[in-house]
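# After the sequence you'll find the predicted model.
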There are 2 protein chains.
Amino acid sequence: MFKAEVFVTLKPVVNDPAGLTIRGGLQALGFESVKDVRAGKYLAITLDEPDEARARARVEEMAQQLLANAVIEDFRIEVQPA
Amino acid sequence: MFKAEVFVTLKPVVNDPAGLTIRGGLQALGFESVKDVRAGKYLAITLDEPDEARARARVEEMAQQLLANAVIEDFRIEVQPA
């Protein structure tokens, strides 16, 4: 069993209204050192594969097919034994 | 300048309908090795603080006050120089 973590973020050139809103909220609360906020998705996937390389390859396919929108999003994957 | 990453996840005892829907979608696409999916939020925050310990302490406060709902969510923070 492996646990994969997938971090999906908007590409740097894509506007991020959620991130801007969070930045505004933080600054309004007094966190004035905040310069930028980018909002994304975090997915923790438990999967049953025979080895780590195979688990990573499968999660890579999942991200390309369903989890991320390649037009506007990037993703990063981390895999570890669960 | 520091870059902080905040991972916000639902507590294990809280139902996660988004995660269940994603799991169903992945299994329908043929990813039958997927046993569980938990969906969460990922935030990348750039902030201007004098040192890493202070940056981490500020982000901890942000997470408690605004980024996470302590009743149903857990969070994890990673900080690195930007």
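Here it is on my side, so go on.
# Helices of chain A, residue ranges please.
Under the criterion DSSP state H, chain A carries helices at the ranges A:17-28, A:52-62.
# who wins for proximity to residue B:72 among those?
Residue B:72 lies closest, by C-beta to C-beta, to one member of the helices of chain A: helix A:17-28, at 18.2 Å. C-beta: built from backbone N, CA, C; applies to glycine.
# what pLDDT, on average, does the closest one get?
What helix A:17-28 shows for mean pLDDT is 97.
# repeat for stretch A:45-55
For stretch A:45-55, the mean pLDDT works out to 96.
# Of the helices of chain A, which is nearest residue B:78?
Set against residue B:78 and scored by C-beta to C-beta, these come closest in helix A:17-28, at 17.4 Å.
# For residue A:38, name its beta-bridge partners.
residue B:44 (DSSP bridges).
# Alongside chain B, which residues does chain A contribute?
Residues of chain A found near chain B (C-beta under 8 Å from any C-beta of the partner chain) are A:1, A:7-9, A:19, A:22, A:25-26, A:29, A:31, A:33-49, A:58, A:61-62, A:65-67.
# are any of those residues buried, and which?
Using 16 or more other C-beta atoms under 10 Å in any protein chain shown as the burial test, these include A:7-9, A:19, A:22, A:25-26, A:31, A:33-34, A:37-47, A:49, A:58, A:62, A:67 as buried.
# For the residue lying farthest from the centre of chain A, give me phi and psi.
The C-alpha centroid of chain A is most remote from residue A:30, which lies 27.0 Å away (C-alpha atoms, centre = their mean). Here is the backbone geometry of residue A:30 (degrees, to the nearest 10): phi 100, psi 0.
# Residue A:74 and residue B:35: what is the separation?
Distance of residue A:74 to residue B:35, given as C-beta to C-beta, to the nearest Å: 26 Å.
# Check residue A:79 too.
The gap separating residue A:79 from residue B:35 is 14 Å, by C-beta to C-beta.
# what do you get for residue A:46?
Computed as C-beta to C-beta, the residue A:46 to residue B:35 distance reads 5 Å.
# between the two, what contacts are shared?
residue A:1 (C-beta atoms under 8 Å, 6 or more residues apart in numbering or on different chains).
# hmm, back to that, just tell me which of the helices of chain A ends up closest to residue B:14.
Short answer: helix A:17-28, nearest of the helices of chain A by C-beta to C-beta, at 21.4 Å.
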